[in-house]
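Participant: here's my sequence, what's the structure:
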Amino acid sequence: ALAEEGAIFDSKSSWKCFLPVVIHVLCITTLNTIYKTVAQKLTEWENHVTQDAHENSLILKRFLFEAFDCYICLFYLAFYERNVERLRMELIAVFNIDSIRRLGVEVILPMILHWRARRNRNAVSSLPDYPEDLELDVYESFDDCMEILIQFGYVTLFASAYPLASIAMCVSVWIEIRSDMFKLTKLVQKPPGERTSSIGMWEDLLNGMVWLSVLTNCLLFGFTSNQMLQYIPDLYMQNEEGETLPAEGKGRIIILLIFAIERVLILLGLILTKWIPSVSTELSIKLRRRVYLLDLHQAEKAKKSE
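Facilitator: From the prediction side, this is the model:
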């Protein structure tokens, strides 16, 4: 009723149709902000032995909550309503509005506040110049990584419904890189460098999301959209309301085909993961040569000391 013509969420209006999405994004942001504090307290109470274990636990808690918060509406449209058009529109709207929100909250708003604070300080301060970095906020990479991870889920989990999401994400990531560069150089304190061998829990979550996307896209392919209907029309029929349903006695065949395709894709992914090395052959040779030269140098030093 709220989406009818003339109502508050009029779907035919040029701007009222975006109100539900804006409210959705605001609810997501508010709930994520509240749970951020809850997750930090819970992780502190767990009293982990190492800092890595503490960070991994915090990352997992926040990701599970934020992923549920962001994706539950999309999963509802995809697998309960089974309406691929509404899913696509919701995905496009949430994806774009969330990108605009991040740009405004992370760059434009801090830039305005920093400019006002700097002007007020120059107007009242008679002290000599001192490093402005002392007044800037401390940079936290956690939220930036979480936002990219959630955005990656929009692209992979529902790629069958919105294939152009990958191009949209490339544009969004490019804008994110430029805005983060401006933020790191102008709006926050310079973060200290930290050497690490991997991105830790973030990599595990990315891998898990990729494997889960195989299942979600196969289900979208077979049940939600008409993509499989175009290839094997004999397995489907349309009822009096125009809805596409499995033909009588063909439901088991459709399910079998969907999960067969999923297993083939997973097998192909495992083969590619095993076949393509994480370290290239050229780099591996250089690393072994470096280790050999270091061992040789240490052996020569040991002989000279004797």
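Participant: and the strands in the stretch 101-250 of the chain?
Facilitator: All strands of the stretch 101-250 of the chain, identified by DSSP state E, counting those that start in this stretch, fall at 236-238, 244-246.
Participant: looking at those strands, which is nearest to residue 167?
Facilitator: Among the strands of the stretch 101-250 of the chain, strand 244-246 comes nearest to residue 167, with 28.1 Å by Cβ to Cβ. Heads up, the C-betas are built off the backbone N, CA and C, glycines and all.
Participant: buried residues in the following helix or strand past that closest one?
Facilitator: Heading C-terminal from strand 244-246, the first helix or strand you meet, by DSSP states H and E, is helix 251-275. Neighbour-count burial for helix 251-275, with 16 or more other Cβ atoms under 10 Å as criterion, is recorded at 254, 257, 258, 261, 262, 265.
Participant: let me have those residues in a markdown table, extended by distance to residue 31 and pLDDT.
Facilitator: Putting these into a markdown table (distance: Cβ to Cβ, whole Å; pLDDT from 0 to 100) gives the following:
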| residue | distance to residue 31 | pLDDT |
| --- | --- | --- |
| 254 | 37 | 84 |
| 257 | 38 | 88 |
| 258 | 33 | 88 |
| 261 | 35 | 90 |
| 262 | 32 | 89 |
| 265 | 33 | 92 |
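Participant: stretch 98-107: which residues count as buried?
Facilitator: With burial defined by 16+ other Cβ under 10 Å, the residues of stretch 98-107 counted as buried are 98, 99, 101, 102, 103, 106, 107.
Participant: for it, the distance to its chain's centre please.
Facilitator: Centroid displacement of stretch 98-107 relative to its chain, using Cα atoms, centre = their mean, to the nearest Å, is 15 Å.
Participant: which residues are in contact with it?
Facilitator: Stretch 98-107 is contacted from outside by 25, 28-29, 144, 147, 151, 172, 175-176, 179-180, 182-183, 187, using Cβ atoms under 8 Å, 6 or more residues apart in numbering.
Participant: most neighbours among these, please name it.
Facilitator: Neighbour count (other Cβ atoms under 10 Å) singles out residue 172 as the most crowded of the contacts of stretch 98-107, with 23 neighbours.
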